[in-house]
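Asker: Predicted model and sequence follow; I will ask about them next.
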Amino acid sequence: MIKPDPQKIAAYRSPARTVSYGARETVLHALGLGLGADPVNRDELAFVYEEWGPKVVPSFASIIGHDTAWFLDDDSGVGDAPNVHGDETITFHKPLASEGTVMCQSRFTGLYDWGEGRHAILTLEDTVADAASGDLLVTLKQTCVLLGAGGFGGEPPKRRERATAPDRVPDHIVTRSVMPQAALLYRLSGDTYELHTDPAFARDSGFDGPILHGLATYGMACYAVVASCCAHDPNGLAGFHGRFTVPVYPGETLETVIWQDGSDVLHRTRSIERDVVVLDHGKAELC
């Protein structure tokens, strides 16, 4: 295994990208999250039917904002370890339109070492700005876990304060099924990593089989908050955070529990079949 190179990572700069998207891309993202499973649910149809919008699931910002070219670039210094999402935070500065052209810029913000035989932690920040006006629309922050890549001599991860669900009955509970073909559909939004499609690659990486994209789990939780706390209005969400704790397998059923206190929302998602939390320490901010 090629270990991460801290000096290369510190010096690496990902070039700015221009991304154009339209209804086809926003609808495909929503379909990958399972929206439209009930073809007569008018609230969901507004996200998957262009004649009624389409509305944009806020997690779509991660689709257009993230640049994964660094993972395939030897000059990035990341190495060749398989990787999974650690956590994701979206901050909205202005509403995201259902079509447009944006300028995206990615940068590494940190590299940490859990030690030999363990993992490395890479942190990144992406910005999404309107290409015509230059107005900042979205800031994305993510943690990437480089599996088994620890032991390169770096500093350990910094301790972070995490949101904790209150000890009371939740205000909302949203249950959704993950389609058996969910990962195959979600990959069409741009993340074609073999971990989500190739059974042998997934097993070699330590999983029972192909896993659902972390951002698909994240998107399902995001939509649960939008539906429950924003009356299906995506522009009611100012920010969204979640930490990935356990991978999700296609075909499972996810339950998102939500606690709302004014504009502050805490959430947590678990796999019902395995009774394990798959997205934890979730926090959202309403406009």
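Answerer: Arrived safely. Numbering: from 1, shown residues only.
Asker: Surely residue 187 forms part of a helix?
Answerer: Yes. Looking at residue 187 with DSSP: H, G, I helix; E, B strand; the rest coil, it is inside a helix.
Asker: show me what contacts it?
Answerer: Applying Cβ atoms under 8 Å, 6 or more residues apart in numbering to residue 187 gives the contacts 193, 196, 197, 213. In short, each C-beta sits where N, CA and C put it, glycine included.
Asker: Now that we have those, can you turn them into CSV and tack on neighbour count and secondary structure?
Answerer: Compiled in CSV, the contacts of residue 187 are given as follows (neighbours: other Cβ atoms under 10 Å; DSSP: H, G, I helix; E, B strand; the rest coil):
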residue, neighbour count, secondary structure
193, 17, coil
196, 22, helix
197, 13, coil
213, 25, coil
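Asker: Can you add distance to residue 151 and pLDDT and give those residues back as JSON lines?
Answerer: Shown next, in JSON lines, are the contacts of residue 187 (distance: Cβ to Cβ, whole Å; pLDDT from 0 to 100):
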{"residue": "193", "distance to residue 151": "24", "pLDDT": "83"}
{"residue": "196", "distance to residue 151": "27", "pLDDT": "94"}
{"residue": "197", "distance to residue 151": "29", "pLDDT": "95"}
{"residue": "213", "distance to residue 151": "28", "pLDDT": "94"}
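Asker: just those now: which is nearest residue 47?
Answerer: Of all the contacts of residue 187, residue 47 sits closest to residue 213, with 18.0 Å by Cβ to Cβ.
Asker: State the pLDDT value of the residue nearest to that closest one when sequence neighbours are not counted.
Answerer: Distance criterion Cβ to Cβ, 6 or more residues apart in numbering; nearest residue to residue 213, sequence neighbours excluded, is residue 186 at 5.1 Å. pLDDT, residue 186: 95.
Asker: I figured residue 186 was touching residue 217, is that so?
Answerer: No. Residue 186 is beyond contact range of residue 217, at 9.9 Å (criterion: Cβ atoms under 8 Å).
Asker: With neighbour numbers in mind, choose between those two.
Answerer: Comparing residue 186 with residue 217 by neighbour count (other Cβ atoms under 10 Å), the higher total belongs to residue 217, at 30 against 27.
Asker: Quick check: the more buried one touching residue 282?
Answerer: No. Residue 217 sits out of contact with residue 282 when judged by Cβ under 8 Å, with a separation of 10.8 Å.
Asker: Would you mind listing the residues touching both of those two?
Answerer: residue 269.
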